[in-house]
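Visitor: next one to model:
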Amino acid sequence: MAATAAAATLAAATSSLIRRSPLLRPHGLRVSRDFAPRRSSPLLRPHGLWVFHDFAPRRFVRHAASSTNEEAAARAAAATADTGGPTIFDKIISKEIPSSIVYEDEKVLAFRDINPQAPVHVLVIPKLRDGLTGLDKAEPRHADILGQLLYTAKVVAEKEGVADGYRVVINNGAEGCQSVYHLHVHVLGGRQMKWPPG
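Guide: You can find the predicted model right below:
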């Protein structure tokens with residue numbers, strides 16, 4: 001019930017903002033209070049507000065569900081993190097699993113994420129895990145590969161045409177939503193990044 005009320009409130013606020021938007025008015029675009037969408041909220045109808053279920057609420061619910069799935073996947077991955085078995089990234093390195101490779105050298109591999117969160121979303125991984133399942137496992141002996149990963153992130157951003165603005169992310173541990181325990185760097189770009197990040 002609380003989630004439905006929150007979604008209805010979000011939809012009402014969004015609808016109201018769209019109706020009053022100065023960006024829409026100069027172009028002759030308006031959302032009328034009299035416009036009858038396919039479905040509307042019985043909670044808001046008496047107040048003259050229409051809820052566009054195909055606009056904000058579904059997007060809100062999908063984002064909440066997506067976050068929950070990512071958190072569950074991260075918890076499940078954390079439970080098996082220290083087994084030492086091969087990860088999906090090991091199979092990508094050995095070419096057992098195909099990937100869209102963006103950059104490769106003797107130490108690192110960069111490939112497109114299969115679930116991109118931005119127009120450009122590339123993962124950069126070390127070819128040799130060497131105990132580096134997460135950033136929290138880094139030791140002084142890993143300094144060179146950590147530097148190589150960040151340098152490769154810069155090279156990838158240039159190759160992908162997003163060198164003017166991009167984000168580099170390392171998820172660490174279950175609370176950081178790390179889902180593969182083979183250290184990896186996300187390079188995200190091609191859209192305006194927001195702050196705080198999530």
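Visitor: any idea which helix or strand in this protein has the lowest mean pLDDT?
Guide: When the helices and strands of the chain are scored by mean pLDDT, DSSP states H and E, helix 2-20 comes last with a mean of 40.
Visitor: state the pLDDT value of the residue nearest to Glu70 when sequence neighbours are not counted.
Guide: What sits nearest to Glu70 in space, not counting adjacent residues and going by C-beta to C-beta, 6 or more residues apart in numbering, is Cys177, at 5.3 Å. Using the backbone N, CA and C atoms, a C-beta is placed for each residue, glycine as well. On the pLDDT scale, Cys177 is placed at 94.
Visitor: before we move on, what about Ala79?
Guide: For Ala79, the model assigns a pLDDT of 83.
Visitor: tell me who's in contact with it.
Guide: Contacts here follow C-beta atoms under 8 Å, 6 or more residues apart in numbering; on that basis Ala79 touches nothing.
Visitor: rerun at 10 Å
Guide: Ala174 (C-beta atoms under 10 Å, 6 or more residues apart in numbering).
Visitor: the one 5 residues further on now?
Guide: Contact analysis of Gly84 by C-beta under 10 Å, 6+ apart lists Arg129, Gly131, Thr133, Tyr181.
Visitor: hmm, which of those residues are the buried ones?
Guide: Arg129, Thr133, Tyr181 (16 or more other C-beta atoms under 10 Å).
Visitor: any idea how far the nearest residue to the second one once chain neighbours are set aside lies from Ala72?
Guide: Residue nearest to Thr133 in three dimensions, not counting chain neighbours: Tyr181, with 4.1 Å by C-beta to C-beta, 6+ apart. The span separating Tyr181 from Ala72 equals 16 Å under the rule C-beta to C-beta, to the nearest Å.
Visitor: likewise Ala110?
Guide: Relative to Ala72, Ala110 is positioned 27 Å away (C-beta to C-beta).
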